[in-house]
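Participant: Quick one, what's the 3D model for this:
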Amino acid sequence: MTLGEEKPVSWLAMPYKGQVFDKDGGTIGTAESLLGDENADIFHGIAVKTGHGDRYLEVPADRIPRITTEAIYTDLSASEVDSLQPYSEQKWEHLGWGGLFRRHPMWTEEGKPPPLIGGGQRPGI
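Facilitator: Numbering: from 1, shown residues only. Coordinates of the predicted model:
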């Protein structure tokens, strides 16, 4: 599944509330939180709000082969999505890596990346 004109980005520039897809292009939900240590550049995964909005799941970084300016692509099958661990805010806050509703510094209220700077690059990309 391709949305608009997508460009690959690092985990630090992942789109806020970006759509998260399974390997067949089915929608899993929306990215609600980054799970990682920004200072050490260690990406552990993302917290995803399911399409029905009834659950929050953790998608490990090693199951996310592609992040673009528009979406997050996983290598999960639809059946594997059902077996993902539920998101646990206490687990991540204890480690000092943010909570569910903590926004990444690059995320804006509208869920859009910050304006381009200097040479046409967004910070962190």
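
Participant: in what helix or strand does residue 48 lie?
Facilitator: Element membership of residue 48 [criterion: DSSP states H and E] is strand 42-50.

Participant: Please work out the average pLDDT along that strand.
Facilitator: The average pLDDT within strand 42-50 is 90.

Participant: again with stretch 15-34
Facilitator: On average, stretch 15-34 scores 93.

Participant: how about it: buried residues?
Facilitator: Neighbour-count burial for stretch 15-34, counted by 16 or more other Cβ atoms under 10 Å, picks out 15-16, 18-22, 28-34. Backbone N, C-alpha and C define where each C-beta goes, glycine included.

Participant: want to throw these into JSON lines with secondary structure?
Facilitator: Shown next, in JSON lines, are the buried residues of stretch 15-34 (DSSP: H, G, I helix; E, B strand; the rest coil):
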{"residue": "15", "secondary structure": "coil"}
{"residue": "16", "secondary structure": "coil"}
{"residue": "18", "secondary structure": "coil"}
{"residue": "19", "secondary structure": "strand"}
{"residue": "20", "secondary structure": "strand"}
{"residue": "21", "secondary structure": "strand"}
{"residue": "22", "secondary structure": "coil"}
{"residue": "28", "secondary structure": "strand"}
{"residue": "29", "secondary structure": "strand"}
{"residue": "30", "secondary structure": "strand"}
{"residue": "31", "secondary structure": "strand"}
{"residue": "32", "secondary structure": "strand"}
{"residue": "33", "secondary structure": "strand"}
{"residue": "34", "secondary structure": "strand"}
